[in-house]
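Trainee: Return a 3D structure for these sequence lines:
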Amino acid sequence: MGVLFCFGYGYTAGHLARALRARGFAIRGTVREPEERTEDGVALWRFAREHPLADPARALAGVTHLLLSIPPDSLGDPVFDRHLGDLQALSTLRWVGYLSTTAVYGDRGGDWVAEEDEPTPRLPRAVARLRAEQAWLSSGLPVHVFRLAGIYGPGRNSLVALLEGRAHRIVKPGQLFSRIHVDDLVQVLVASMRRPHPGRIYNVCDDEPAPPQDVVSYAAALLGIEPPPEQPFESAELSPMARSFYADNRRVCNRRIRQELGVRLRYPTYREGLRALLASDPRVAVAFDRSGTRDT
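Mentor: Got it, this is the predicted structure:
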């Protein structure tokens, strides 16, 4: 048992919070909205770079575990810049998890990359992430860095995207992406809390990097619908942000989470993950009914 504080109470933090509350943890976190409030049993405080915690001593009192999921901005890491001293003063803090990205490895031409490999980020946001990693690792806190692949799960998956008309099959020959189901991400974080190793870095992804168009095709087959037509990457209408994801190509190795943390993935590939979501995701059912694909 303990007290988890989440700087950035978003998708991943919410799933982690639910898992830890079942284990007796108290949960606190931050949001960008102005009011302090309690929501679903979670005490929430306002935080942004321009709005540090109004009463950090009260907000952080007794915190044993800290999740950092707010990305760096143009000035750096806002939590590090605003509250490092408050966190260093916590005598109760046993574990800190910093959520980073596999983008820090940069482009590897489709080759495998592991935690021992030197990061070579090219994209500005990946460079900023690596700097934030380094800052937290040198902070003196019990920091663990988790380099995440693309997260999917309930409400955020190719099934929902297809049924809501947002899915595309963009084809760039040889392009691969790694991904992780949010339940497996939570499993990794909880395993790290049980076996803390401050200073350690973990890749968090499933076993099979795959072309993105294959994932969409598989989701369409599960739904019994035609997938959207393939579009060549060169001529596809993509936002600059979406296009930037195709700039790097790599296979990410997850051996460390298995060997050191004893994690056994529930969803070792996107196939198991999507099949489970087809049966369990409420948004899939809602979108299914709206689309008229099945009888209600």
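Trainee: use CA for all of it now, contacts and neighbours both
Mentor: Noted.
Trainee: now the host helix or strand of Leu44: mean pLDDT?
Mentor: Taking DSSP states H and E as the criterion, Leu44 maps to strand 42-46. Strand 42-46 carries an average pLDDT of 96.
Trainee: got it, and stretch 194-213?
Mentor: In this model, stretch 194-213 has a mean pLDDT of 98.
Trainee: Between the two ends of that stretch, how far is it?
Mentor: End-to-end span of stretch 194-213 (CA to CA, to the nearest Å): 37 Å.
Trainee: Walk me through which strands the strand holding Leu44 pairs with, and which way each runs.
Mentor: strand 26-31 (parallel), strand 37-39 (antiparallel) (DSSP bridges).
Trainee: Touching the last one from outside, list them.
Mentor: The list of residues contacting strand 37-39 from outside it, by CA atoms under 8 Å, 6 or more residues apart in numbering, reads 43-45.
Trainee: any idea which helix or strand carries the most centrally placed residue in the chain?
Mentor: Residue closest to the average C-alpha location in the chain (CA atoms, centre = their mean): Ile151, at 5.0 Å. In this assignment (DSSP H and E), Ile151 forms part of strand 150-152.
Trainee: circling back to that earlier point, could you export the strands paired with strand 42-46 as CSV, including distance to Val160, mean neighbour count and mean pLDDT?
Mentor: Converted to CSV, the strands paired with strand 42-46 look like this (distance: least, CA to CA, whole Å; neighbours: other CA atoms under 10 Å; pLDDT from 0 to 100):
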stretch, distance to Val160, mean neighbour count, mean pLDDT
strand 26-31, 26, 22, 98
strand 37-39, 26, 11, 89
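Trainee: Of all those, which one is nearest Leu185?
Mentor: Comparison of the strands paired with strand 42-46 against Leu185 by CA to CA identifies strand 26-31 as nearest, at 18.0 Å.
Trainee: immediately after the strand holding Ile151, which helix or strand?
Mentor: helix 158-163.
Trainee: which residues of the stretch 101-250 of the chain fall in helices?
Mentor: Secondary structure of the stretch 101-250 of the chain (DSSP state H, counting those that start in this stretch): helices at 124-137, 158-163, 182-194, 212-223, 240-244.
Trainee: which helices and strands sit right next to the third one?
Mentor: For helix 182-194, the helices and strands in contact under the criterion 3 or more CA pairs under 8 Å, 6 or more residues apart in numbering; DSSP states H and E are helix 11-21.
Trainee: Now do the buried residues in stretch 88-105.
Mentor: Within stretch 88-105, the residues scored as buried using 16 or more other CA atoms under 10 Å are 90, 93-105.
Trainee: Quick check: strands, which of these are part of them?
Mentor: 95-101 (DSSP state E).
Trainee: Surely Leu141 touches Val96?
Mentor: Yes - the pair Leu141 / Val96 is scored as a contact, 7.2 Å apart, by CA atoms under 8 Å.
Trainee: Find the least confident helix or strand in the protein, judged by mean pLDDT.
Mentor: When the helices and strands of the chain are scored by mean pLDDT, DSSP states H and E, helix 282-291 comes last with a mean of 70.
Trainee: pLDDT (mean, whole number) over stretch 256-270?
Mentor: Per-residue scores along stretch 256-270 average to 98.
Trainee: buried stuff in it?
Mentor: So stretch 256-270, judged by 16+ other CA under 10 Å, has buried residues 256-257, 261, 263, 265, 267-270.
Trainee: picking that back up, save the contacts of strand 37-39 as a markdown table, and put in distance to Asp183 and neighbour count too.
Mentor: Compiled in a markdown table, those are given as follows (distance: CA to CA, whole Å; neighbours: other CA atoms under 10 Å):
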| residue | distance to Asp183 | neighbour count |
| --- | --- | --- |
| Ala43 | 23 | 16 |
| Leu44 | 23 | 24 |
| Trp45 | 25 | 25 |
